[in-house]
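Colleague: quick check, what structure comes out for this input:
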Amino acid sequence: MPPKNSEFGDLSSNIALIIAKDLKQSPMDVGRELLDAFNLNLPDYILNITVTKPGFLNFEIKNTYFQNQIQVILDQGKDYGKSKSGIGKTANVEFVSANPTGPLTIGHGRNAILGDVVSNILEYQGYKVTREYYFNDAGRQMRILGESVEARYNEIVGKDFTFPEDGYQGEYIIDIAQIIVEESRSNKKLDTSTFQKTAEREIFKEIKKSLKDLGIHFDVFTNEKTFYENGDIEKLISDLTEKNLIYKKDNATWFKTSSFGKEQDRVFIKSTGEPTYRVPDTVYHKNKLDRNFDLIIDVFGADHADTYPDVLLALNALSHDTSHIKVLLYQFVTLLKNGEKVKMSTRKANFITLDFLVSEVGLDVVRYFFIMRSMNTHLDFDLDLAADQSEKNPVFYLQYAYARICNIIKRGDELKPEFKKGFNSSFISEPEELMLLKYLVRFPEFMDIAYESLEPQNIANYLQELSSRFHKFYSHCRVLTDDLETSKSRVALVKAVQIVLKNGLTLLGITSPERM
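Modeller: Next comes the predicted model:
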């Protein structure tokens, strides 16, 4: 990693500090020994190596190495930063997975954008990615949804009705009821299941449209109900019972997680006969394992923290390898307006839909805001900042840098056709030029970090810093000058920045406008 103080060089290593204890030597002595070993076979791109207290090895890299990378970036273009680590491998990414009980709200937005960008990161590494949506159109929530629609239907046609106690109260319920009114005019057969089925159909239609408007597509939609109908649920219980891991108590069915070191066992099937989420989720993950993906990613809200380990335990108990299953837990979103928290509830219909959010602040802003913080931290979605179209808005700050670059290149092409010809990278020698260039060539490194952590925030942070360095460079170094060679080299540097910015923004699913 680069040292905090650039005077120490371009890269710094704490290896001497790490191994000194095992060698029973001081870190400085270990550092000096390593320095002597390096100096015996010093790579030609290393200018100097030093040791500083308390035992850091510092590497100063020749400017020619960085200067030569400009042509590398120009040659590789949209492939710059890509890795081959995923070539020939497959990945499954399951995300969103909202049951069709209502429109997608901002609560689903973080899940949706995280899952999509994680998929992009894996594809950038060479993986063949299957984006999957898992849902349940049965159970108590769906039953209440159907009852809510039926009540509104009866209200519209003038019949007596009782709205369910925990019913869904949104306008969309009335809209669905009105659709049933229109359809029932040509089809007099109307039973209770009609309300739930129609609600599911119409809500899922809107969910898919909302996802499409977010720039998200899914390859597979899997219904939880399938695993009840094909007998997989029964087989799971049977297989665990054979291993003496299932027992009855208090009219409920329990999974003996205490056998695996857990403090208490988990309910698999409630006394009402209704399975808990752990049961179908375990079967669903077995289904994914059977499809032989090299990597399986689940994007869950923080409320799944207690559930998913039990799913993995059940799979391990049945001798399934789960080492390639990675669960990404994200913290929840708070919407802020005028500095105040906006309270939301799907059932009470005081929620803000993703469609509305996109219409208010734009798709690029929505996508960026959902990934600009670590998924492990709570996200405050500030509507006022999101609606701001100045450089205070981090999205516009990035896009303004890209648009400025496009304008520079366009003016250069108009002034001097020679700018398109070869350049001498040694002319890139000013401090602001090198500061920009040295960070520019770290893009592949940050892509590797994003891949290892599956944390899109790393890309967002990199792009912000790159844009900041570009703006500083632009304010200190005139690109189009009277000196042709200087201008050609700076135009080449600017084009390299353009490539990396576009590659990063594309990964995040954000547009790269040429004018703003």
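Colleague: the nearest residue to Ile113 once chain neighbours are set aside: how many residues sit nearby?
Modeller: Counting by CB to CB, 6 or more residues apart in numbering, Ile113 lies nearest to Phe370, which is 4.0 Å off, once chain neighbours are set aside. The C-beta positions use only the backbone N, C-alpha and C, and glycine is treated the same way. Around Phe370 there are 27 other residues, counting by other CB atoms under 10 Å.
Colleague: secondary structure element holding Phe370?
Modeller: According to DSSP states H and E, Phe370 maps onto helix 363-371.
Colleague: try Leu312
Modeller: helix 308-317.
Colleague: what are the buried residues along the helix or strand that that helix is followed by?
Modeller: Next helix or strand after helix 308-317 toward the C-terminus (DSSP H and E): strand 325-330. Across strand 325-330, burial judged by 16 or more other CB atoms under 10 Å covers 325, 327-328, 330.
Colleague: before we move on, what about stretch 113-129?
Modeller: Across stretch 113-129, burial judged by 16+ other CB under 10 Å covers 113-125, 127, 129.
Colleague: return stretch 136-146 as PDB; C-alpha atoms alone will do.
Modeller: Taking C-alpha atoms only, stretch 136-146 is exported to PDB below (Å, rounded to 0.1, in the frame of the first residue of the first chain):
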ATOM      1  CA  ASN A 136     -43.000 -16.700  -2.000                       C
ATOM      2  CA  ASP A 137     -46.500 -16.200  -3.300                       C
ATOM      3  CA  ALA A 138     -48.100 -18.200  -0.500                       C
ATOM      4  CA  GLY A 139     -48.300 -17.900   3.300                       C
ATOM      5  CA  ARG A 140     -49.900 -15.400   5.700                       C
ATOM      6  CA  GLN A 141     -48.700 -12.200   4.000                       C
ATOM      7  CA  MET A 142     -50.100 -13.200   0.700                       C
ATOM      8  CA  ARG A 143     -53.300 -14.300   2.300                       C
ATOM      9  CA  ILE A 144     -53.700 -10.900   4.000                       C
ATOM     10  CA  LEU A 145     -52.900  -9.300   0.700                       C
ATOM     11  CA  GLY A 146     -55.800 -11.200  -1.000                       C
END
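Colleague: distance from the chain centre to it, please.
Modeller: Centre-to-centre, stretch 136-146 and its host chain are 29 Å apart (CA atoms, centre = their mean, to the nearest Å).
Colleague: again, but for stretch 476-496
Modeller: Relative to its chain's centre, stretch 476-496 lies at 36 Å (CA atoms, centre = their mean).
Colleague: could you do stretch 63-73 as well?
Modeller: Distance of stretch 63-73 from the chain centroid (CA atoms, centre = their mean) equals 31 Å.
Colleague: and the contacts of that stretch?
Modeller: For stretch 63-73, the external contacting residues (CB atoms under 8 Å, 6 or more residues apart in numbering) are 45, 80, 423, 425-426, 428-429, 434, 437-438, 440-441, 492-493, 496, 499-500.
Colleague: what number of residues lie near Asn68?
Modeller: Other residues near Asn68 come to 14 when the count uses other CB under 10 Å.
Colleague: SS state for it?
Modeller: Using DSSP: H, G, I helix; E, B strand; the rest coil, the three-state assignment for Asn68 comes out as helix.
Colleague: need the pLDDT of it.
Modeller: Looking at Asn68, its pLDDT reads 96.
Colleague: Leu17 now?
Modeller: pLDDT, Leu17: 88.
Colleague: residue contacts, it?
Modeller: With contacts defined as CB under 8 Å, 6+ apart, Leu17 is in contact with 27, 54-56.
Colleague: just the buried ones from those residues?
Modeller: Buried among those (16+ other CB under 10 Å): 27, 55-56.
Colleague: with pLDDT and distance to Ser97 added, can I get these in TSV?
Modeller: Converted to TSV, the buried ones among the contacts of Leu17 look like this (pLDDT from 0 to 100; distance: CB to CB, whole Å):
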residue	pLDDT	distance to Ser97
Pro27	85	49
Gly55	84	49
Phe56	87	46
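Colleague: looking at these, which are in helices?
Modeller: Pro27 (DSSP state H).
Colleague: in a markdown table, list the buried ones among the contacts of Leu17 along with distance to Leu335.
Modeller: As requested, the buried ones among the contacts of Leu17 are exported to a markdown table (distance: CB to CB, whole Å):
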| residue | distance to Leu335 |
| --- | --- |
| Pro27 | 49 |
| Gly55 | 48 |
| Phe56 | 44 |
